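Engineer: I'd like to go over a predicted model; first the sequence, then the structure.
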Amino acid sequence: MYYPSANIKEGEILVKGKTLGRWGPKKYIVDFDQRIFALKRSDPKKKFKVYELVNYQVSPIVKKEKRYQFDLQSQNGGKNVPMGSESEQISQTLYNQLKKLSGKQEIPERQSQIKIPQPLQQFDYEIPSYFDIVNIRESINSLRHELNLEKFDLVFNERIKVYKSQTNPLLFKVISIIDGNQTDVCLRSISNTQNIHQWNQFVQDTSQKIKDLSEDKSYLISEIRKMINLFPFKREFYYLRHTFKIENTHFVLERSLEQKRPPQIQCLDDCIQVQIILIRQNQTHLQLVTEQSFNGLTFPEEDSFIIQKYLEQIENIGRARSSQKIEPVSIDLKQHEQVEKVEKFQQEPEEQSQKLSLQEDEEFFDCAEDYDAINDKLFLAQDQRPQDDEIIKLSRQSVHIQAVDHLDNLQLWTDTKMKDYLSGLYCSRSINQKHQLGPIESDVNSRIFVEQIEGANYLYRQDFVRDEKNGGLKIINEEKLAVQKSVIKFLITRIGAQLMMGKSITGISMPVTIFEPRSNTERVCGAMGFGPIFLEDAAKSQDKYFRMVQTLKFSFGFLYTYLSMEKPFNPILGETFQGFFDNCPVYCEQISHHPPICVTIFYGRGFRIDSRLELQANFHSNSVVGKNLGQTKIIFDNPYQEIIVMMAPGGMSGTTYGDKVMNYFEKQICIDVNNKIIGECTFNPDKKYCQFFQQDYQNFQDYVVGGVFDVSDSAINKFQKETYRKYKGVDLKEIKQTRNVVSGFWTKSLKMDNQRFLSVYEDFPMKLLHSAYPIASDANFRMDVLYWKLKNFDESQAWKEKLEILQRNDRKLREAQAKKKKK
């Protein structure tokens with residue numbers, strides 16, 4: 001963790017972004033004592049992006065596009081940082097400061113004074129200069145006396161005690177007391193790299209001492225921590241360890257090594273650790289003080305969780321007395337309430353482990369470092385291999401699974417989902433769940449409705465107002481508009497780069513900054529929030545016309561809740577989503593990559609929704625039009641009735657010039673083939689259509705006229721012949737009898753027979769809740785979506801592009817296999 005010294009200079013400079021290549025102002029700190037350049041981040045939890053200038057050089061200033069700019073160039077394989085200013089003086093001042101501090105040079109005398117506030121000769125021990133910093137000296141002094149636990153909370157109290165600072169969540173103190181003289185056992189366990197994996201299940205047995213620095217009795221350590229899941233995850237830490245003895249007390253010092261580590265290694269950042277082993281009253285006391293953060297993590301509380309779980313493993317050291325091989329104790333994570341310890345697995349641990357892990361020498365798509373980063377960013381989950389004395393078997397659940405809504409609280413999401421997902425047994429847990437395949441009784445008092453999003457009406461949010469001149473939803477969110485405008489420049493830059501490298505432009509990926517943090521599988525499910533409200537009432541009635549009216553309401557509700565000015569992530573082939581509306585399950589799966597098709601099933605009380613939708617988008621010179629092409633079947637019981645819904649296309653005008661306005665076009669259609677009933681509403685109808693239903697003509701894009709009517713056989717035959725791909729609606733001549741008439745503005749309210757039909761201000765959808773244990777293919781386990789939620793757009797973009805490459809490669813393999821079968 002970086003803490004600025006007193007000798008700093010602050011200012012503001014333009015820095016070039018990584019994803020879109022846009023220049024933006026950033027506040028910075030130049031720390032002359034610690035030779036650090038730090039950029040302040042917009043998220044207060046992240047504080048600084050730190051650059052140790054000893055590892056950087058500064059390129060000469062050049063003038064480009066009215067900017068005087070230069071690069072902070074990494075000397076160990078890291079990324080360069082372009083920066084500059086339109087003011088030559090500002091650029092030159094910062095350049096001179098960084099130039100003076102960058103590269104390997106003698107440390108100024110002032111820095112040495114800062115590191116050691118007291119003269120060295122006042123200490124009765126000597127340590128190598130690399131460990132000679134204030135925090136380590138203070139920790140040694142604290143451990144030599146009575147450990148001060150003021151302002152520390154006890155967070156773990158089993159065989160050891162783990163205390164966490166109340167003011168610094170990354171600072172921990174650990175106390176372990178073992179009967180008898182176990183000094184040798186503790187010293188071997190801690191300082192011998194080959195023994196660590198025996199007591200700490202996070203550490204892989206391939207960790208090693210890679211260099212013996214005999215001149216100062218130190219060791220260069222490469223430590224690998226592992227994760228077992230669908231893929232093998234590894235993090236490699238690079239640090240110096242020094243051991244020494246003062247009287248009868250053994251000290252083990254550790255500090256992360258940034259300067260000499262290989263550039264490809266994901267390393268602990270600003271890590272110090274001081275451990276002592278001493279004998280008091282025929283007991284071995286092992287005490288530890290550590291402060292560390294992980295490179296690239298977003299939230300201090302997540303770092304804190306990882307550190308704590310790692311430290312809890314120290315309790316296993318004391319078990320060395322009764323066994324030559326120290327067996328790790330499973331960490332008692334707070335499992336979901338449906339998971340309970342009931343009996344042992346029948347398989348041996350080795351057999352179970354083989355099912356959960358992959359061989360180390362297998363090769364995968366080159367994404368290991370990104371997996372490492374996302375694992376560290378979320379949770380360092382334990383290797384939960386079944387033990388002989390403590391095994392977890394998942395109990396079969398009753399029909400209902402408690403739903404969990406994670407979107408309001410990212411920490412809750414990571415606590416309840418990612419901790420288990422990143423453990424080796426998650427797939428078994430999910431598969432062994434008895435997933436809910438039908439609705440259960442409604443809990444009316446516990447229904448959650450979505451009345452507002454972003455502090456405004458769920459439809460309008462902070463993004464839209466009604467266009468009073470032409471009708472429709474006018475986009476007013478300037479921040480999102482600016483991001484969307486930058487897409488054109490982004491795409492032009494990418495296209496030019498691809499062509500210059502002689503590559504195809506088909507691999508260009510849209511920037512994630514215009515996306516919302518969910519996949520289309522989740523978005524489609526979320527659009528069914530009016531189902532339990534309108535269709536459940538319809539299922540209670542035997543009136544086929546009332547059912548059609550309620551289905552027409554539901555179809556408009558789908559349009560309302562699906563609409564957004566942001567694009568969802570394109571689903572991966574085989575991706576799924578599981579959720580609930582008022583104890584009614586909804587499932588979705590992406591069954592085709594090209595064209596993109598998802599199927600959805602919703603089990604309601606007295607009805608079922610079967611949907612098969614193909615997402616289409618067409619770009620024009622100044623507009624874009626999208627459509628969920630396909631049909632959604634609403635199937636009622638008692639008596640049986642089937643209604644087919646076809647969604648109207650929607651689009652946005654003004655993509656290149658003019659106001660950006662969103663609207664729906666053409667017709668919203670519901671058809672009951674067996675009973676020859678059609679519910680149809682036309683957007684921006686012509687005069688003839690309005691006159692037929694005896695409604696006033698109004699030339700607004702969001703004006704709607706239509707109704708429910710009986711139709712002739714020819715109308716049904718035409719639909720069956722043309723199907724949903726070509727059918728454009730009923731011909732007015734095919735209407736035999738009009739049962740109900742709908743009119744109004746879909747952006748405000750609609751009336752049926754002059755009575756309220758649907759209002760965006762009075763009718764609200766239900767909130768989509770997420771399954772507690774969805775299968776591992778669930779959309780919310782996608783790395784690009786997770787990184788988006790963590791606001792790390794660079795990593796989200798990188799992961800999105802990698803997944804798209806995998807999709808294209810898989811498609812080529814399928815096509816090649818299909819050709820072989822034809823032969």
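Structural biologist: Structure's in. What do you need? Residues are numbered from 1 along each chain as shown.
Engineer: and the longest helix anywhere in the chain, what does it pack onto?
Structural biologist: If you go by DSSP state H, the chain has its longest helix at helix 793-822. The contact analysis (3 or more Cβ pairs under 8 Å, 6 or more residues apart in numbering; DSSP states H and E) places helix 793-822 against helix 368-378, helix 783-789. For the C-beta atoms, the positions are set from N, CA and C on the backbone; glycine is no exception.
Engineer: Please repeat the previous calculation with a cut-off of 6 Å.
Structural biologist: helix 783-789 (3 or more Cβ pairs under 6 Å, 6 or more residues apart in numbering; DSSP states H and E).
Engineer: Packing partners of the helix it packs on?
Structural biologist: helix 793-822.
Engineer: in the helix it packs on, what's buried?
Structural biologist: F793, E795, S796, Q797, A798, W799, K800, E801, K802, L803, E804, Q807 (16 or more other Cβ atoms under 10 Å).
Engineer: Report the buried residues of the strand or helix carrying T632.
Structural biologist: With elements taken from DSSP states H and E, the one containing T632 is strand 623-636. For strand 623-636, burial by neighbour count (16+ other Cβ under 10 Å) applies to S623, V625, G626, K627, N628, L629, G630, Q631, T632, I634, F636.
Engineer: try stretch 539-552
Structural biologist: So stretch 539-552, judged by 16+ other Cβ under 10 Å, has buried residues A539, K544, Y545, F546, R547, M548, V549, Q550, T551, L552.
Engineer: Inside helices: which ones of these?
Structural biologist: Those of those lying in helices (DSSP H): A539, K544, Y545, F546, R547, M548, V549, Q550, T551, L552.
Engineer: For E254, list each beta-bridge partner.
Structural biologist: R241, Q273 (DSSP bridges).
Engineer: Check the gap between it and Y239 for me.
Structural biologist: 5 Å (Cβ to Cβ, to the nearest Å).
Engineer: out of the two, which sits in the more crowded spot?
Structural biologist: E254 (26 against 21; other Cβ atoms under 10 Å).
Engineer: The more buried one and C271 touch, don't they?
Structural biologist: No - E254 is beyond contact range of C271, at 7.2 Å (criterion: Cβ atoms under 6 Å).
Engineer: Show the residue spans covered by the strands in the stretch 401-550 of the chain.
Structural biologist: Using DSSP state E, counting those that start in this stretch, the strands found in the stretch 401-550 of the chain span residues 403-404, 452-453, 456-457, 464-466, 473-475, 515-519.
Engineer: Mind putting those strands into TSV with mean neighbour count?
Structural biologist: Formatted as TSV, the strands of the stretch 401-550 of the chain follow (neighbours: other Cβ atoms under 10 Å):
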stretch	mean neighbour count
strand 403-404	19
strand 452-453	13
strand 456-457	14
strand 464-466	17
strand 473-475	22
strand 515-519	22
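Engineer: With distance to K767 added, can I get the ones you listed in a markdown table?
Structural biologist: A markdown table is the format used below for these (distance: least, Cβ to Cβ, whole Å):
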| stretch | distance to K767 |
| --- | --- |
| strand 403-404 | 10 |
| strand 452-453 | 11 |
| strand 456-457 | 15 |
| strand 464-466 | 21 |
| strand 473-475 | 22 |
| strand 515-519 | 14 |
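Engineer: Give the bridge partners for G626, please.
Structural biologist: A617, G650.
Engineer: and the gap between it and N520?
Structural biologist: On the measure of Cβ to Cβ, G626 and N520 end up 11 Å apart.
Engineer: Please apply the same query to P649.
Structural biologist: Taken as Cβ to Cβ, the span from P649 to N520 is 16 Å.
Engineer: Thanks a lot, see you next time.
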